[in-house]
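[1] Predicted coordinates and the sequence they were generated for:
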Amino acid sequence: MRPASAPAASPALETPPHESDAMPKNNAKRSPSATPLLGPVRSSSASVKLIRPIDLAAPTVEALDEPLIANVEAYIDTVEITYPRRPKGLLAEARAILGRKGWFKDIIDTKGNRWGVRLHLHQPTPELLAALDKYGGSLGRFDIAFDIIPRDMSIEMMARVIRECAILRWRRPQAMFEIEGTLYWTEWHPGEVRPDRNLAEYHDLPSKIDGQPAVHLELRFQTSDATKAQNLQRPSQLATLNPRALFDRHIRILDFQLHIADDINSSANPDRTRGFYERNYQRRVQLFKDRQPHLIKLLEPLNSRFAIKDHLTWGAVSGPKDAFTWLTRDQQSQHLAQSQHPSSALIMQPANTEEKP
């Protein structure tokens, strides 16, 4: 497990000793659709001016003719609302609507002073979101989950596409972080200040919508500032979110694999070029963007090839990872099985008692 402290600035990255090792000498041999040549790599500690890619325009006729890569179901996965004190009757009403419990967690500062409570809910319904409006509070977090079901590739291959080709826009250059099969685009540990946004991916559990294998990608708005930036003040407004618009605004899927393959095929030393991308970027476009932002907007976008609806899907059920969402790493290590923790009974669906192993 990686340490909780922020990673130190890395030394200057290794570049091939000769230009021919990473790029061709004759540009005429490159195909017209080839991506620009890779320039000198900057150190991650150097000052880098980030360039925000322009918003994608409406799909052209050519883009509409491109085959779809995957179907996507989007739903609200997690909601947090902060109150100065526990509203009377809220938990009882939430349980009556959801058929399962939500729960409160005290907000305590570093000096041990309690200054509020935070309500945690997984997979809320439109009826519950509307009912929460009358209790007031501040919307402090919401996660939009995208269950990605590939059309013509395996789940493992689809997960590799997301991990290597997805960008969280406007993220400052930093390390990515993986723990227990979940990859985070922004490194964060309990006890630290939460970043405004994060992107998380795992693919070892089925879809919470229909139970079929899927790649689970979460776009997380983790602070009240982040929720207010989406013009959200009341829980009921979450029900009207447009997941297609949120995906296109905050996430970019770029064909970084094609860029790498083109450089490898054009190189005089393919093995060295392949190792160059693996060592310096882990073959991930997000890390490539941190050091080569001027090249990112020239890569081919793939967002239009993911079929995402303009409205949310309802009916998702809580999964086993939800039981550990709010535990610290020390608490998680004390429970080898997720069902052993008492909080599992609060948020997981009741087990089927008719069938026993």
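    On my side now, so go ahead. Residues are numbered from 1 along each chain as shown.

[2] Phi, psi for the closest residue to residue 204 other than its chain neighbours please.
    Among residues not flanking residue 204 along the chain, residue 181 sits closest, at 5.0 Å (CB to CB, 6 or more residues apart in numbering). For glycine as for every other residue, the C-beta is placed from the backbone atoms N, C-alpha and C. Backbone torsions of residue 181, given as degrees, to the nearest 10, read phi 80, psi 0.

[3] and residue 181, how many neighbours?
    11 (other CB atoms under 10 Å).

[4] Next: residue 212.
    Count around residue 212 with other CB under 10 Å applied: 10.

[5] Flag the shaky bits of the stretch 151-300 of the chain, pLDDT-wise.
    The model of the stretch 151-300 of the chain has no residue with pLDDT under 70.

[6] let's see it at 80
    Residues of the stretch 151-300 of the chain meeting the criterion pLDDT under 80: 190-191.

[7] Return the residues in contact with the nearest residue to residue 196 once chain neighbours are set aside.
    Among residues not flanking residue 196 along the chain, residue 226 sits closest, at 4.1 Å (CB to CB, 6+ apart). Residues in contact with residue 226 (CB atoms under 8 Å, 6 or more residues apart in numbering) are 141, 196, 197.

[8] Sort out for me which of those residues are in strands.
    141, 197 (DSSP state E).

[9] Rebuild the contacts of residue 226 as TSV, extending it with distance to residue 147 and neighbour count.
    Output for the contacts of residue 226, formatted as TSV (distance: CB to CB, whole Å; neighbours: other CB atoms under 10 Å):
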residue	distance to residue 147	neighbour count
141	20	19
196	24	17
197	20	19
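
[10] Among the contacts of residue 226, which one lies nearest to residue 148?
    For residue 148, the nearest member of those is residue 197. The distance, counting by CB to CB, is 18.9 Å.

[11] what about residue 98, neighbour count?
    Around residue 98 there are 18 residues (other CB under 10 Å).

[12] mind listing the strands for the stretch 101-250 of the chain?
    Ranges of strands within the stretch 101-250 of the chain are 103-108, 114-122, 138-150, 166-168, 177-179, 182-184, 197-202, 215-221, based on DSSP state E, counting those that start in this stretch.

[13] for those strands, which one sits closest to residue 261?
    By CB to CB (comparing all of these), the closest turns out to be strand 166-168, at 17.8 Å.

[14] chain center to that closest one, what's the gap?
    8 Å (CA atoms, centre = their mean, to the nearest Å).

[15] wait, doesn't residue 164 sit right on residue 254?
    No: taking contacts as CB atoms under 8 Å, residue 164 lies outside contact range of residue 254: 9.5 Å.

[16] Which neighbours do these two have in common?
    Joint contacts of residue 164 and residue 254 (CB under 8 Å, 6+ apart) are residue 285.

[17] Please verify my assumption that residue 109 contacts residue 115.
    Yes: counting by CB under 8 Å, residue 115 is a contact partner of residue 109 at 6.5 Å.

[18] Give me the common contacts of the two.
    Joint contacts of residue 109 and residue 115 (CB under 8 Å, 6+ apart) do not exist.

[19] Helices of this protein, start to end?
    Shown for the chain, the helices assigned by DSSP state H span residues 19-22, 61-65, 90-98, 126-132, 155-165, 224-229, 243-250, 256-266, 270-281, 285-291, 293-296, 329-333, 344-347.
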